[in-house]
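Novice: need coordinates for the following:
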Amino acid sequence: MMYFIYCYEKEIIYTLTVFLILFNLVSLYFIVDLFSYDEIRGYLTNGEIKIDSPRTMAYLLFVSGMSNLLFVIVTLMARFFSE
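Specialist: Got it, this is the predicted structure:
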């Protein structure tokens with residue numbers, strides 16, 4: 001198993017990096033969709049209604065996703081251009 005990882009280390013890293021980039025792009029799609037919601041309603045067990053605005057959480061998730069993409073792409077570019 002370790003020999004396999006050692007022999008195919010670059011291919012494994014590149015494949016996982018592409019999957020990470022795709023995962024981040026899909027999550028950014030859902031985060032941008034979350035910006036379109038004005039409020040989210042939740043119905044509690046005692047009959048009350050809880051209303052919350054998702055925009056602050058969407059901004060936080062958007063900045064986190066973009067910084068994650070930036071870090072992954074810069075790391076990948078550094079690997080490509082160092083060879």
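Novice: where does Lys50 sit: helix, strand or coil?
Specialist: strand (DSSP: H, G, I helix; E, B strand; the rest coil).
Novice: any idea how far Phe62 is from it?
Specialist: Distance, Lys50 to Phe62, by CB to CB, to the nearest Å: 24 Å. (C-beta placed from N, C-alpha, C; glycine too.)
Novice: these two: which is more packed in?
Specialist: Phe62 (16 against 9; other CB atoms under 10 Å).
Novice: what's the helix or strand for the more buried one?
Specialist: Counting by DSSP states H and E, the element that carries Phe62 is helix 55-82.
Novice: middle-most residue in the chain, spatially?
Specialist: Asn24 (3.3 Å; CA atoms, centre = their mean).
Novice: a strand runs through that one, doesn't it?
Specialist: No: secondary structure of Asn24 (three-state DSSP): helix, not part of a strand.
Novice: now do the contacts for Leu24.
Specialist: Residue 24: Asn, not Leu. Residues in contact with Asn24 (CB atoms under 8 Å, 6 or more residues apart in numbering) are Gly65, Asn68, Leu69, Val72.
Novice: show me which of those is closest to Thr45.
Specialist: Distance to Thr45, by CB to CB, is smallest for Gly65 among the contacts of Asn24, at 33.1 Å.
Novice: check contacts around that closest one.
Specialist: Asn24, Ser27, Leu28, Ile31.
Novice: from Ser64, how far off is the second one?
Specialist: Pointing back at Ser27 there. 9 Å.
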